[in-house]
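>>> Turn this into a structure:
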Amino acid sequence: MSQTIQDQLQENNMDKKEIGDEEREKMMNAQNTKHISKPPTPDLETEEHKPKRKIPIGGIKMPGFCRTKSKEPCEENDVNDSGNTEVGTESLSTKEGEQNPPASEKSTTSVKELKEKEGRRGILNSIRLPLVSVFPRKKKDADVEHGTIVLASVETLEDATERNLIVNDDGMETVRLGGDANDGGDLPKPHPFIIFLSAARRNLFVSVASLLILLAVIVIISVACAGPRYVLLEPPLKDGKYIAAPTSCGMVEGILEDGGYAFRGIPYAVPPINNRRWQPAEPLRRIENCWSDIYLAHNNSANCWQRDSSGRIQGVEDCLKLDVFTPKVDTRNPLPVVVMIGAETLSGGSPGVMQPSSKLARVREIVFVRPNFRMGVFGFLAVEPLSRTTHPPTSGNYGLSDIIVALKWIQNNIHHFGGDKSNVTIWGHRAGGTLVTTLIGARKANDLFARAWISSGSAIFPGDELSKSEQMNDLFLNLTRCSDSACLRSKSAEELMDAVPVSWQGENVELPEPKEAVTSKKRHEWLVLDGSILQEHVGESWKKQDLKVKVVMGSTAQSGTPAKYLVKNATLESTQVDKIVTESLLGTMGLKEETQRRYNSTLKGLATMISDIRVVCPLLTIANWKINIPFYVRTMPRGVLADPDSDAVAILGSYTPRTVEEKRHIDAMQKLFNRFVWFGEVIQSDPRGAKRVLIVDQDVHTEKDYPNCDFWIKNNVVPKYGRID
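Numbers count the residues shown, from 1 in each chain. Take a look at the predicted model:
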């Protein structure tokens with residue numbers, strides 16, 4: 001019995017050895033065919049007479065079990081992974097030429113070797129299998145011949161064929177052992193999703209690259225869609241000179257000048273004529289008020305009706321137009337905007353020195369806008385017949401409504417001219433400064449500008465009710481002989497201008513006169529508490545709320561100088577100065593000696609005294625309402641005096657300095673203004689308000705206070721006798 005078992009084991013070992021020799025011969029032949037152009041003819045007789053070889057049940061071909069391209073065969077004592085210890089034991093072989101040990105010893109040794117090899121194979125598989133799953137290799141037809149090892153069993157090849165050999169997608173061949181084999185039938189087709197995953201796995205690089213390209217396209221489209229709203233380039237020039245820009249009421253055409261662009265006379269409100277005389281400004285909303293063709297904004301528009309300092313009358317009623325000067329007509333990288341409000345008085349002298357240019361816009365990289373606005377009797381008349389025609393009843397401050405509508409036009413259109421609507425500075429000079437001071441506290445002007453620069457304005461604002469102002473203005477009605485609005489609107493502009501009382505016209509005030517102590521409360525004021533734009537005193541509105549805009553206020557050292565002292569070669573003797581002071585209200589108040597000690601008896605001393613009482617110190621009292629308002633005083637003279645316009649022309653650069661000192665001063669003044677316009681900063685000022693006064697001479701230096709203002713405030717001269725408009 002034992003001899004029979006031993007013979008059977010020997011026969012199995014011989015079969016396995018023959019199969020191994022045959023497999024090695026096939027591998028060598030396959031390698032040789034790679035180097036021979038014509039494959040050798042197989043020995044048909046030998047193949048036909050070969051004995052049938054046996055393979056184990058469930059035998060598999062594993063491309064990853066041995067190295068497919070290795071020229072060395074697998075070890076003869078390798079076993080399958082089926083986990084069957086008996087089969088593994090039967091598969092063990094001995095080296096060629098060795099004597100077979102006894103069956104009992106061989107069985108024990110085989111089991112130990114099997115366990116050791118399974119342990120080593122488990123470690124190798126744990127390393128190799130993840131790599132195989134991550135980096136799949138293409139299965140070639142030659143792998144079957146070159147790199148596949150077939151494990152033998154006691155079954156014959158015919159048995160394996162009958163049991164339906166199955167080739168899997170991963171290159172492994174197995175024998176179907178179940179009884180549900182579909183003999184002769186087609187294999188079930190895999191799900192399309194499985195096919196897709198298999199293809200993606202085999203083409204991992206292509207799949208990843210396609211995904212990255214798709215993501216890149218999505219990112220590019222997202223960036224393009226989320227780009228700036230306005231990306232238009234600067235429009236082309238027509239005839240090398242004209243350029244067009246859109247507005248909310250139609251296209252306008254400007255002109256190229258000095259490297260910049262000028263658009264002059266663009267309408268911003270409905271013309272205040274006929275029945276719209278003495279009506280608040282109305283924006284251009286209706287199509288009938290706009291234009292279909294391109295609007296030619298080439299020439300200067302006529303100013304509103306006014307009376308200049310010489311008494312000459314000129315202007316038109318259809319005057320609500322504005323000028324735009326810009327370095328570019330481009331919506332990219334918008335620039336700061338400066339709105340210029342200039343007038344010598346509220347009766348006339350507009351725009352005065354406040355006249356920008358295309359060259360100024362190009363050099364400063366700032367967009368300048370200068371609107372016309374109604375003045376005098378057309379802009380500020382408050383009388384009872386006009387109040388009756390509106391609901392709620394009100395009249396006056398029409399000029400303020402013009403500026404508010406112009407600021408709204410800027411908010412809606414300035415980006416088409418290269419301006420930044422969120423960075424608008426409104427600059428008021430002299431009477432224009434008075435209007436800007438008023439608008440800072442007006443609710444209707446909220447969010448229409450971010451900064452305000454006020455130079456040489458007035459500190460006197462209305463505090464009486466509208467009815468009292470209407471009663472004081474009855475003098476004008478008597479001169480026109482009208483008692484209703486229809487009569488007033490039927491008058492010509494010239495008739496209305498001639499009916500304005502002389503006392504309402506701007507006057508060149510000097511030192512306060514003794515009669516002003518009695519009549520100071522009876523002086524005519526153009527601005528009124530209309531209940532619509534101005535609802536309370538400007539000082540009250542400033543004190544009650546935090547200002548939403550940043551403000552800079554200032555003046556020149558001789559800003560209140562009468563015109564007769566500004567003429568060339570004007571002189572005054574000391575005796576003449578002493579006489580003027582003695583005959584003024586100051587002399588009657590017993591302040592002559594103190595004033596002579598503080599101011600010398602010269603033309604410059606007298607001009608400085610008048611300016612401190614009328615302009616500089618009253619403005620400083622307004623600046624003191626808030627601790628964060630810097631206050632500047634230009635002390636550098638333009639000739640003999642620092643005249644009322646010297647700070648404005650220095651900022652605009654509209655006069656040529658004659659000395660090195662003047663050149664340094666102009667540079668300091670322009671840097672002060674430009675930095676405030678661009679960044680809203682005055683770096684020289686003390687944010688705590690301890691040193692808020694900026695003395696602008698050749699350079700800028702700070703002081704705690706301005707000389708002599710405390711003296712005038714203490715004696716109730718300031719701001720009581722300040723200039724009205």
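>>> Quick check: residue 575 vs residue 558, distance?
The gap separating residue 575 from residue 558 is 21 Å, by Cβ to Cβ, to the nearest Å. Just so you know, the C-beta spots here come from the backbone N, C-alpha and C atoms, and that holds for glycine as well.
>>> between these two, who's got more neighbours?
residue 558 (29 against 9; other Cβ atoms under 10 Å).
>>> In the chain, which strand is the longest?
strand 419-430 (DSSP state E).
>>> any idea which helix or strand comes after that strand?
Counting by DSSP states H and E, the next helix or strand C-terminal to strand 419-430 is helix 431-440.
>>> Please identify the next secondary structure element, helix or strand, after that next one.
strand 451-455.
>>> Show the average pLDDT along that following strand.
For strand 451-455, mean pLDDT is 98.
>>> What angle do strand 419-430 and that strand make with each other?
Here the directions of strand 451-455 and strand 419-430 differ by 20 degrees (axes from the mean of the first three to the mean of the last three Cα atoms, to 10 degrees).
>>> what's the offset of strand 451-455 from the middle of its chain?
The chain centroid and the centroid of strand 451-455 are separated by 24 Å under Cα atoms, centre = their mean, to the nearest Å.
>>> packing partners for that strand?
Where contact means 3 or more Cβ pairs under 8 Å, 6 or more residues apart in numbering; DSSP states H and E, strand 451-455 is packed against strand 419-430, helix 431-440, strand 550-556, helix 660-679.
>>> let's go with 6 Å and repeat that
strand 419-430, helix 431-440, strand 550-556 (3 or more Cβ pairs under 6 Å, 6 or more residues apart in numbering; DSSP states H and E).
>>> End to end on stretch 326-334, go ahead and measure it.
Length of stretch 326-334, first residue to last, Cα to Cα, to the nearest Å: 11 Å.
>>> Just the buried residues of that stretch, please?
Buried residues in stretch 326-334, defined by neighbour count with 16 or more other Cβ atoms under 10 Å: 326-331, 334.
>>> what's the answer for stretch 548-555, then?
549-555.
>>> Of the residues you listed, just say which sits nearest to residue 698.
residue 554 (16.8 Å; Cβ to Cβ).
>>> which residues touch the closest one?
Residue 554 makes contact with 455, 631-632, according to Cβ atoms under 6 Å, 6 or more residues apart in numbering.
>>> Nearest residue to it in space, ignoring adjacent ones along the chain?
Nearest non-adjacent residue to residue 554, counting by Cβ to Cβ, 6 or more residues apart in numbering: residue 632, 3.5 Å away.
>>> For the one you found, grab the count of nearby residues.
By other Cβ under 10 Å, neighbour count at residue 632 equals 27.
>>> Could you do the one 4 residues further on as well?
When neighbours are defined as other Cβ under 10 Å, residue 636 has 23 of them.
>>> quick one: least confident helix or strand in the protein?
Ranking every helix and strand in the chain by mean pLDDT, DSSP states H and E puts helix 85-91 at the bottom, with a mean of 38.
>>> Hmm, the residue nearest to residue 554 is touching residue 693, no?
No: contact criterion Cβ atoms under 6 Å: residue 632 and residue 693 do not qualify, at 7.6 Å.
>>> how far away is residue 319 from residue 420?
27 Å.
>>> Neighbour count for those two, which is higher?
residue 319 (25 against 15).
>>> For this protein, give me the ranges with low pLDDT.
Counting by pLDDT under 70, the chain shows low-confidence ranges at 1-13, 15-16, 29-189, 193, 196, 200, 223-233, 506-508, 520.
>>> now do 80
1-207, 222-235, 309, 506-508, 519-522, 544-545, 687-690 (pLDDT under 80).
>>> Double-check residue 592 against residue 583; I have them as touching.
No: shown here, residue 592 and residue 583 do not form a contact pair, counting by Cβ under 6 Å, at 10.0 Å.
>>> Find residues that contact each of the two.
By Cβ under 6 Å, 6+ apart, no residue touches both residue 592 and residue 583.
>>> Need the distance between the two termini of stretch 635-655.
Stretch 635-655: ends 17 Å apart by Cα to Cα.
>>> what's the spacing between that stretch and its chain's center?
In terms of Cα atoms, centre = their mean, the centre of stretch 635-655 is set 36 Å apart from its chain centre.
>>> residues in contact with it?
Taking Cβ under 6 Å, 6+ apart as the rule, stretch 635-655 contacts 353, 429, 455-456, 556-559, 561, 566, 607, 634, 665-666, 669-670, 673, 695, 697.
>>> One more: stretch 608-625?
Residues contacting stretch 608-625 (Cβ under 6 Å, 6+ apart): 456, 459, 510-511, 542-543, 553, 555, 557-560, 599, 629, 631, 706, 708-709, 712, 717-719, 721-723.
>>> mind running it again at 7 Å?
437, 456-457, 459, 509-512, 539, 542-543, 553, 555, 557-561, 595, 599, 629, 631, 633, 692, 706, 708-709, 712-713, 717-719, 721-723 (Cβ atoms under 7 Å, 6 or more residues apart in numbering).
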